[in-house]
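**Student:** based on what follows, work out the 3D shape:
(one chain, ligands or ions: 4)
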Amino acid sequence: MIEIDLHLHTTFSDGRLTPTKLVRMCNERGLKIMAVTDHDSTEGLDEALEAASEFTDMTIVPGIELSTDIPGAEIHLLGLFINRNDKVLQRQLSTMRKGRQGRARAMVKNLEKFGVFVSWEHVEKLAGEASIGRPHIAQAMVEAGYVKFPKEAFDRYLGRSGPAYAERVKLSPEEAVKLLLANGAVPVIAHPTYSAAKSSRGEVEGLRDILTSLKAAGLVGMEVYYGDYTAQQIKWLGDLADEFNLIPCGGSDYHASGNPGEPEPGSVGPPRSTYERLQEARTHLTSKG
Ligand code: AMP
Ligand code: ZN
Ligand code: FE
Ligand code: FE
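**Tutor:** Ligands and ions are numbered 1, 2, ... in the order given. I've put the predicted structure just below:
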């Protein structure tokens, strides 16, 4: 029985369920602890906490997901137990969300070269107040009939090496770890290896070197129980986490994306001991800073 999911998205970034709907769904599926980890935004947390107060046995871990750059690839970092009343953090997040706007516009423009005409207004409307991302563009493409599922838009156009992909300025992973630590959040490296559900995502090259560097910067956890990872991948990552003394984390990374076979809340997650270790780690972080 899976009781913990530490990686979930809402309509405040590129998830398609409101925090309220997501919390209710997670509760129905038997989850007891869930982290809301929107991209570059903590705006959905109040609503998630409010929704969880309907239930006696649902704990929300306030979180965030930051995308960072390494040469030729990107690394995502989760910040668990984030303090959203941190002005330095919020200023940084606001800059990142602005960067997402310009870059999303550039991708919509790039698509025209390939005969894909989705209007910026359509994409903007789908994003609403959210931290805008590629899934909003992919959804607009589904609605305009260019692709069947959002994933097809990634496979053909929007994936990192896709022809319509556009970059934005991002922090380095070390900078993101430091930003999270300064906030009191627990930094966790997300989805470090191949996922079939997100096919443009391979193994992070030089993962050991990256873990060495991020561990020195203060990394605390690594996703091991993630999305559609196989038992073999979980075993390999679990051993790697032990080797680097990282807490093995994970979750579904559920977006309600509409892609067939999307891993759902309750299908994957870390054991109880992970949560206990995270809480322990968190106390050490706060007592240091
Ligand atoms: P962005 O933050 O705009 O770079 O978009 C990243 C998001 O796109 C991820 O959080 C996933 O939800 C989604 N995504 C990335 N790669 C894929 C893929 N290959 N198929 C479907 N969705 C993907
Ligand atoms: Zn996403
Ligand atoms: Fe991610
Ligand atoms: Fe995610």
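**Student:** please identify the helix or strand for whichever residue of the stretch 51-200 of the chain sits closest to ligand 3.
**Tutor:** Nearest residue of the stretch 51-200 of the chain to ligand 3: His76, at 3.7 Å (C-beta to the ion). The way it works is simple: take the backbone N, C-alpha and C, and place the C-beta from them, glycine included. In this assignment (DSSP states H and E), His76 forms part of strand 73-80.
**Student:** angle of the following helix or strand past that strand against strand 73-80?
**Tutor:** For strand 73-80, the succeeding helix or strand toward the C-terminus, using DSSP H and E, is helix 87-112. Computed with axes from the mean of the first three to the mean of the last three C-alpha atoms, to 10 degrees, the direction of helix 87-112 lies at 140 degrees from that of strand 73-80.
**Student:** quick one: the very next helix or strand once past helix 87-112 to chain centroid distance?
**Tutor:** Sequence order places helix 120-127 as the next helix or strand after helix 87-112, per DSSP H and E. The chain centre lies 21 Å from the centre of helix 120-127; the measure is C-alpha atoms, centre = their mean, to the nearest Å.
**Student:** again with stretch 225-235
**Tutor:** With C-alpha atoms, centre = their mean, you get 17 Å for stretch 225-235.
**Student:** and if you look at stretch 20-35?
**Tutor:** Going by C-alpha atoms, centre = their mean, where stretch 20-35 is centred and where its chain is centred differ by 17 Å.
**Student:** what is the strand holding His76 packed up against?
**Tutor:** On a contact count with 3 or more C-beta pairs under 8 Å, 6 or more residues apart in numbering; DSSP states H and E, strand 73-80 meets strand 4-8, strand 59-70, helix 173-183, strand 186-189, strand 221-226.
**Student:** at 7 Å instead, please
**Tutor:** Helices and strands touching strand 73-80, by 3 or more C-beta pairs under 7 Å, 6 or more residues apart in numbering; DSSP states H and E, are strand 59-70, helix 173-183, strand 186-189.
**Student:** name the residues that touch that strand?
**Tutor:** With contact meaning C-beta atoms under 7 Å, 6 or more residues apart in numbering, strand 73-80 is reached by 6-7, 35, 37, 61, 63-68, 170, 173, 176-177, 180, 183, 185-191, 204-205, 210, 278.
**Student:** in a helix, Pro248, correct?
**Tutor:** No - per DSSP: H, G, I helix; E, B strand; the rest coil, Pro248 lies outside any helix segment and is strand.
**Student:** just list whatever residues bridge to it.
**Tutor:** Beta-bridge partners of Pro248, counted by DSSP bridges, are Met222.
**Student:** OK, contacts around it?
**Tutor:** 222, 224-225, 238, 241, 270, 274.
**Student:** again, only this time at 10 Å
**Tutor:** Contact analysis of Pro248 by C-beta atoms under 10 Å, 6 or more residues apart in numbering lists 188, 221-225, 234, 237-242, 270-271, 273-274, 277.
**Student:** dig out what the residue of the stretch 51-200 of the chain closest to ligand 3 forms beta bridges with.
**Tutor:** On the basis of DSSP bridges, His76 is bridged to Ser67.
**Student:** so for it, what's the pLDDT?
**Tutor:** In this prediction, His76 carries a pLDDT score of 96.
**Student:** any chance of the helices and strands packed on strand 73-80 in TSV with distance to ligand 3, mean neighbour count and mean pLDDT as columns?
**Tutor:** As requested, the helices and strands packed on strand 73-80 are exported to TSV (distance: least, C-beta to the ion, whole Å; neighbours: other C-beta atoms under 10 Å; pLDDT from 0 to 100):
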stretch	distance to ligand 3	mean neighbour count	mean pLDDT
strand 59-70	5	21	96
helix 173-183	12	21	97
strand 186-189	10	28	98
